[in-house]
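Undergrad: Here is a sequence together with a model predicted from it:
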Amino acid sequence: MEYANIRLDMRPPLAVVTLDRPRVLNALNAATLAELDTVFARLAADVSVRVVLLTGAGGRAFAAGADIGELVALSDEDGRVFALHGQDILRRIETLGKPVIACIQGFALGGGCELAMACTLRLAADDARLGQPEVKLGVIPGYGGSQRLPRLVGRGTALKLLLSGSMIDAREALRIGLVDEVVPVAELMPRAEALAMEIAANAPLAVAETLRSVNEGIDLPLDLALLRETYRFGHLCGTADKAEGTRAFLAKRAPVWKGE
């Protein structure tokens, strides 16, 4: 399938999704969001893909935010629909069932920062700049930024960024926990690919259940979250991959995963 605003590079067990509107710093217009929705639905169903890398073309931006030309025309009801639609697409990415690694070079602002926060992990080049400047436009984040940011960095730190609309560099983003690793620009994609291959080498069912366990449990009372963990652990104990993984370990050989 051909896309007008993104590129998809299939390299099983990896897939690389690139936002491809470099002339507008990969701004997230409605057409780009629709294509992201389509491509991530495809990747969710493709068992050959175990990890997805998400990045931006052009070297200047991961994504510089929403398309302001579209935003300026929104009424109050249009705005609610606009936000719900974007939230649904980012939620699909967040709950894909396989890891998505945001590879951030240059600007990740507004909707771009929200998109990165919906990913499983965030790797940043040392030239990255992140922020939620929506208050400077008279609005708040609409794609989940006011909710994911406090969960990642804490209430006070999130409010400082949200209320000031300020932009921070990669090192500060790492310090507060907004990104998980910072590397030189030239090492961003090689490092992301190496991490993705390290993840992809593990049992796919166990990776998926780990994601579900963490995502579900983080907002539950600890006792209930622990109970959910026992069910997931028990389920995996009955899989062919668990039998293969334990036998391979004892035999000192590499496991061959079937995803069963």
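TA: Alright, I've got the coordinates.
Undergrad: Hmm, residue 110 is touching residue 135, no?
TA: No. The pair residue 110 / residue 135 is not scored as a contact, 10.7 Å apart, by CB atoms under 8 Å. (Each C-beta comes from the backbone N, C-alpha and C, glycine too.)
Undergrad: out of those two, which sits in the more crowded spot?
TA: Neighbours around residue 110 and residue 135, counted as other CB atoms under 10 Å, are more numerous at residue 110. The numbers are 28 against 13.
Undergrad: buried ones in the least confident helix or strand in the chain by mean pLDDT?
TA: Sorted by mean pLDDT, DSSP states H and E, the helices and strands of the chain end with helix 68-71, the least confident at a mean of 83. Using 16 or more other CB atoms under 10 Å as the test for burial, helix 68-71 gives residue 71.
Undergrad: from the chain's centre, how far out does it sit?
TA: 24 Å (CA atoms, centre = their mean, to the nearest Å).
Undergrad: ok, now stretch 194-214?
TA: Relative to the mean C-alpha coordinate of its chain, stretch 194-214 is positioned 14 Å out (CA atoms, centre = their mean).
Undergrad: Tell me which residues are up against that stretch.
TA: Identification of contacts with stretch 194-214 by CB atoms under 8 Å, 6 or more residues apart in numbering yields 13-14, 47, 50-51, 53, 97-99, 101, 120-121, 123, 228-229, 232, 235-236, 239, 241-242, 245, 255, 257, 259-260.
Undergrad: what's the answer for stretch 216-224, then?
TA: Residues outside stretch 216-224 that contact it (CB under 8 Å, 6+ apart): 151, 225, 226, 228, 229.
Undergrad: Need the buried ones from those residues selected in PyMOL.
TA: Buried residues among the contacts of stretch 216-224 (16+ other CB under 10 Å), as a PyMOL selection:
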select buried, resi 229
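Undergrad: So which of the contacts of stretch 216-224 belong to strands?
TA: Of these, none are assigned to strands by DSSP state E.
Undergrad: any chance of the contacts of stretch 216-224 in a markdown table, with distance to residue 191 too?
TA: Compiled in a markdown table, the contacts of stretch 216-224 are given as follows (distance: CB to CB, whole Å):
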| residue | distance to residue 191 |
| --- | --- |
| 151 | 25 |
| 225 | 31 |
| 226 | 34 |
| 228 | 32 |
| 229 | 30 |
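Undergrad: Nearest to residue 19 among the contacts of stretch 216-224?
TA: Relative to residue 19, the closest of the contacts of stretch 216-224 is residue 151; by CB to CB it sits at 23.9 Å.
Undergrad: picking that back up, buried subset of the contacts of stretch 194-214?
TA: Using 16+ other CB under 10 Å as the burial test, the contacts of stretch 194-214 include 13-14, 50-51, 53, 98-99, 101, 120-121, 123, 229, 232, 236, 239, 241-242, 245, 255, 257 as buried.
Undergrad: Report the separation between residue 16 and residue 104.
TA: Using CB to CB, to the nearest Å, residue 16 is found at 14 Å from residue 104.
Undergrad: One more: residue 89?
TA: Relative to residue 104, and taking CB to CB, residue 89 is found at 18 Å.
Undergrad: ok, now residue 96?
TA: Distance, residue 96 to residue 104, by CB to CB: 18 Å.
Undergrad: quick one: residue 17 is in a strand?
TA: Yes. Residue 17 forms part of a strand when assessed by DSSP: H, G, I helix; E, B strand; the rest coil.
Undergrad: can you pull the buried residues of the next helix or strand after the least confident helix or strand of the chain?
TA: Using DSSP states H and E, the next helix or strand after helix 68-71 towards the C-terminus is helix 76-94. Neighbour counts over helix 76-94 (16+ other CB under 10 Å) mark 82, 83, 85, 86, 87, 89, 90, 92, 93, 94 as buried.
Undergrad: got it, and stretch 10-25?
TA: Buried residues in stretch 10-25, defined by neighbour count with 16+ other CB under 10 Å: 13, 14, 15, 16, 17, 18, 19, 20, 21, 24, 25.
Undergrad: could you dump those residues to TSV with pLDDT and distance to residue 160?
TA: Below are these laid out as TSV (pLDDT from 0 to 100; distance: CB to CB, whole Å):
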residue	pLDDT	distance to residue 160
13	97	39
14	98	36
15	98	35
16	98	34
17	98	31
18	98	32
19	98	28
20	97	33
21	96	30
24	95	28
25	96	24
